[in-house]
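>>> I'd like to go over a predicted model; first the sequence, then the structure.
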Amino acid sequence: MTGSEALLQGLLDEGVDTVFGYPGGSALYIYDAMTRNAEFKHILTRHEQGAVHAADGYARSTGKVGVCIATSGPGATNLVTGIATAHMDSIPMVIITANVMTSLIGTDAFQEADIISITMPITKHSFSVRDAADIPRILHEAFYLATTGRKGPVLIDIPKDISNAKLLYEPYKAEVQLRGYVSKPALDYEKIEQWLEAIAESQRPVIIAGGGIVHSNASDELIQFVNQTQVPVVATLHGLGGFPSGHELGLGMAGHHGNFAANMAIQQADLIISLGSRFDDRLTMKVDGFAPEARRIVHIDIDPAEIGKIISTDIGIVGDLKDILAYACAKAKPSKAAGWMEQLRQYRSQHPLRYNDSDAEVKPQFVLEMIHEASHGDAIITTDVGQHQMWTAQFYKFNHPRSLLTSGGLGTMGFGFPAAIGAQIGNPDRLVVSINGDGGMQMCAQEMAICAVHQIPVKIVVLNNRVLGMVRQQQELMYENRLSQIDLAGSPDFVKLAEAYGLKGLRASNKEEAIAAWKEALETPGPVLVEFVIPMDENVYPMVLGGTALDEMLLGDFE
């Protein structure tokens, strides 16, 4: 085989069923090999950033490795934002970049970029292939690294001459052993026992369910543990779905735009139990005002570097959450949290999520409630970043893990729509809804071509308020309403844009139109874009301003 043929066969041997990419000169041997491999499925995106986000969405929604390919130079550098997105959110991906010929590396050759150095801070590991015979081993190691320990993106860079060099191909099946790499730390049973003792001694415990619950496939174990201990649960943005929103002990999302009850649970708890959450600043807000009444903080994470990094930890446990919770379930006993939970229910009743509804216009919160009601909480929802992202987290109630795909760490605009394409390809029998703002939608709108060509039935929602909504809200509340560079006048007619790509486009400007448009979208086979024209000045509440503590929420003025 050539190196390119070995690459494609190796991907198939690793169980890859779809690759997203965009060709170019240095990658042409790889793309030429695709013409001779009928099993290999490649989706041609319209931009490399669309490819990496689609691979990311595929990975988040399936739990498998997402794979994308790009050529050298600008093709590779166009992947950087997507690689950083996956790195921040611990998403298993293998990114393959072609490079110029080995003899040209370091000469500033046409379309040359040192992608290894550029991406070193945002990859879990990188491989620069210098011998085609190494391709089977490197691929196998890359998939192993991407999917074990704290998951993340791994990059493989292949010079053009290496992709055409000959090798004798054999599937690489040897056990991976990398010096210094511990894929699964041994359980510290003594510390787990200490944690369970802390629950028994606590009067006001609360669990923070983070993205690690989803990554470790530990949702069932968490539900069992909570049912046994009766400890209430708040979720981070990435933890949504890891614990079902409708559970009686679930309080919803905490943090910057978290629910009143969830934030107060953290602030008044005497025991904080963080499960797979890295105490991101959007969760903690003012760090020295975080959980002031907590006598103990327990932090459980697969990555030892996260323990104590932001918040001082009394009991730090390193390991896989699924294994840790399985052991804990065998030992756990009911807590003393019954009275505490009753107090939290009162908070939830006194300060529910609210908005001023209207029949004459479309409120974004209503749109999310409508989508939830129609899908019963069982859809896969992708979002971009901004107000619509927070409204989605607040008003769509997620029943299952891997149902909310959103860029939480990097906050990448342009992520949501191509991620939905990847999710739909990975889950052909699920309803996939891509929820976007009018700003982010314009960053990867060209990927509508893929939906049209392949009839990928993503339902695309654009919440159009004609401004950069989250920027406007922060300027209003934190910069004395000095509005700067937020006006998106000149944006396209999204309905006509969808139609130009061959999709059905619908628009709604009041509640009656919104109900009818969404019904039509769901009844229409194939991809549909629905633009909901929403008020320009609608804000997301609750909101915790930067530099303040979680219990200093702005709740908004509601009739």
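On my side now, so go ahead. Numbers count the residues shown, from 1 in each chain.

>>> Stretch 451-471: end-to-end distance?
Distances were taken as C-alpha to C-alpha, to the nearest Å; on that basis the terminal residues of stretch 451-471 are 30 Å apart.

>>> Kindly provide the whole-number mean pLDDT of it.
Per-region confidence: stretch 451-471 scores 97 on mean pLDDT.

>>> Quick check: buried residues in that stretch?
Of the residues in stretch 451-471, those with enough neighbours to count as buried (16 or more other C-beta atoms under 10 Å) are 451-452, 456-471. Bear in mind the C-beta positions are built from the backbone N, C-alpha and C, glycine included.

>>> just how off-centre is that stretch within its chain?
Here stretch 451-471 shows a centroid-to-chain-centroid distance of 17 Å under the convention C-alpha atoms, centre = their mean, to the nearest Å.

>>> what does stretch 139-150 give?
The gap between the average C-alpha position of stretch 139-150 and the chain average comes to 19 Å, counting by C-alpha atoms, centre = their mean.

>>> what comes up buried for that stretch?
By neighbour count, with 16+ other C-beta under 10 Å as the criterion, the buried positions of stretch 139-150 are Leu139, His140, Glu141, Ala142, Phe143, Tyr144, Leu145, Ala146, Thr147, Thr148, Gly149, Arg150.

>>> Tell me which residues are up against it.
Contacting residues not belonging to stretch 139-150 are listed as 7, 10-11, 13-14, 65, 90, 92-94, 124-125, 127, 152-154, 156, 172-174, 176, 178, 181-184, 302-303 [C-beta atoms under 8 Å, 6 or more residues apart in numbering].

>>> quick one, strands of the stretch 201-350 of the chain?
In order along the chain, the stretch 201-350 of the chain carries the following strands (DSSP state E, counting those that start in this stretch): 205-209, 233-235, 250-253, 271-275, 296-301, 315-318.

>>> Next, format the ones you listed as CSV and append distance to Met543, mean neighbour count and mean pLDDT.
Converted to CSV, the strands of the stretch 201-350 of the chain look like this (distance: least, C-beta to C-beta, whole Å; neighbours: other C-beta atoms under 10 Å; pLDDT from 0 to 100):
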stretch, distance to Met543, mean neighbour count, mean pLDDT
strand 205-209, 19, 29, 98
strand 233-235, 17, 29, 98
strand 250-253, 13, 24, 97
strand 271-275, 22, 27, 98
strand 296-301, 25, 24, 98
strand 315-318, 31, 20, 98
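
>>> of all the ones you listed, which lies closest to Leu545?
Taking C-beta to C-beta as the measure, the strands of the stretch 201-350 of the chain were each checked against Leu545, and strand 250-253 came out nearest at 17.3 Å.

>>> now the strands of the stretch 201-350 of the chain in a markdown table, with distance to Lys166?
Output for the strands of the stretch 201-350 of the chain, formatted as a markdown table (distance: least, C-beta to C-beta, whole Å):
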| stretch | distance to Lys166 |
| --- | --- |
| strand 205-209 | 51 |
| strand 233-235 | 52 |
| strand 250-253 | 54 |
| strand 271-275 | 50 |
| strand 296-301 | 45 |
| strand 315-318 | 45 |
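
>>> so which of these gets nearest Ser349?
Of those, nearest to Ser349 by C-beta to C-beta is strand 250-253, at 12.0 Å.

>>> List the contacts of the closest residue to Lys41 other than its chain neighbours.
Of all residues not flanking Lys41 in the chain, Thr18 sits nearest, at 5.0 Å (C-beta to C-beta, 6 or more residues apart in numbering). With contacts taken as C-beta under 8 Å, 6+ apart, Thr18 has the following neighbours: Lys41, His42, Ile43, Tyr58, Val67, Ile425, Gly426.

>>> which SS state does Ile69 fall under?
Taken by DSSP: H, G, I helix; E, B strand; the rest coil, the conformation at Ile69 corresponds to strand.

>>> so it bridges to which residues?
Following DSSP bridges, Ile69 is listed with bridge partners Gly21, Ile96.

>>> doesn't Gly24 make contact with it?
No: under the criterion of C-beta atoms under 8 Å, Ile69 is not in contact with Gly24, lying 9.9 Å apart.

>>> which residues of the stretch 451-559 of the chain fall in strands?
Listed in chain order, the strands of the stretch 451-559 of the chain (DSSP E, counting those that start in this stretch) span 459-464, 504-508, 528-533.

>>> Counting neighbours, which bits of the second one end up buried?
Within strand 504-508, the residues scored as buried using 16+ other C-beta under 10 Å are Lys504, Gly505, Leu506, Arg507, Ala508.

>>> Serialize those to a markdown table and add fields for pLDDT and distance to Lys331.
As requested, these are arranged in a markdown table below (pLDDT from 0 to 100; distance: C-beta to C-beta, whole Å):
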| residue | pLDDT | distance to Lys331 |
| --- | --- | --- |
| Lys504 | 98 | 55 |
| Gly505 | 98 | 56 |
| Leu506 | 98 | 54 |
| Arg507 | 98 | 56 |
| Ala508 | 98 | 53 |
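
>>> in the chain, which ranges drop under the pLDDT threshold?
Low-confidence segments of the chain, defined by pLDDT under 70, span residues 559.

>>> if we can go back for a sec, format the contacts of Thr18 as a markdown table; extra columns: distance to Glu499, secondary structure and neighbour count.
Listed next are the contacts of Thr18 as a markdown table, based on distance: C-beta to C-beta, whole Å; DSSP: H, G, I helix; E, B strand; the rest coil; neighbours: other C-beta atoms under 10 Å:
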| residue | distance to Glu499 | secondary structure | neighbour count |
| --- | --- | --- | --- |
| Lys41 | 28 | coil | 14 |
| His42 | 27 | strand | 20 |
| Ile43 | 22 | strand | 23 |
| Tyr58 | 27 | helix | 30 |
| Val67 | 32 | strand | 27 |
| Ile425 | 23 | helix | 24 |
| Gly426 | 27 | helix | 24 |
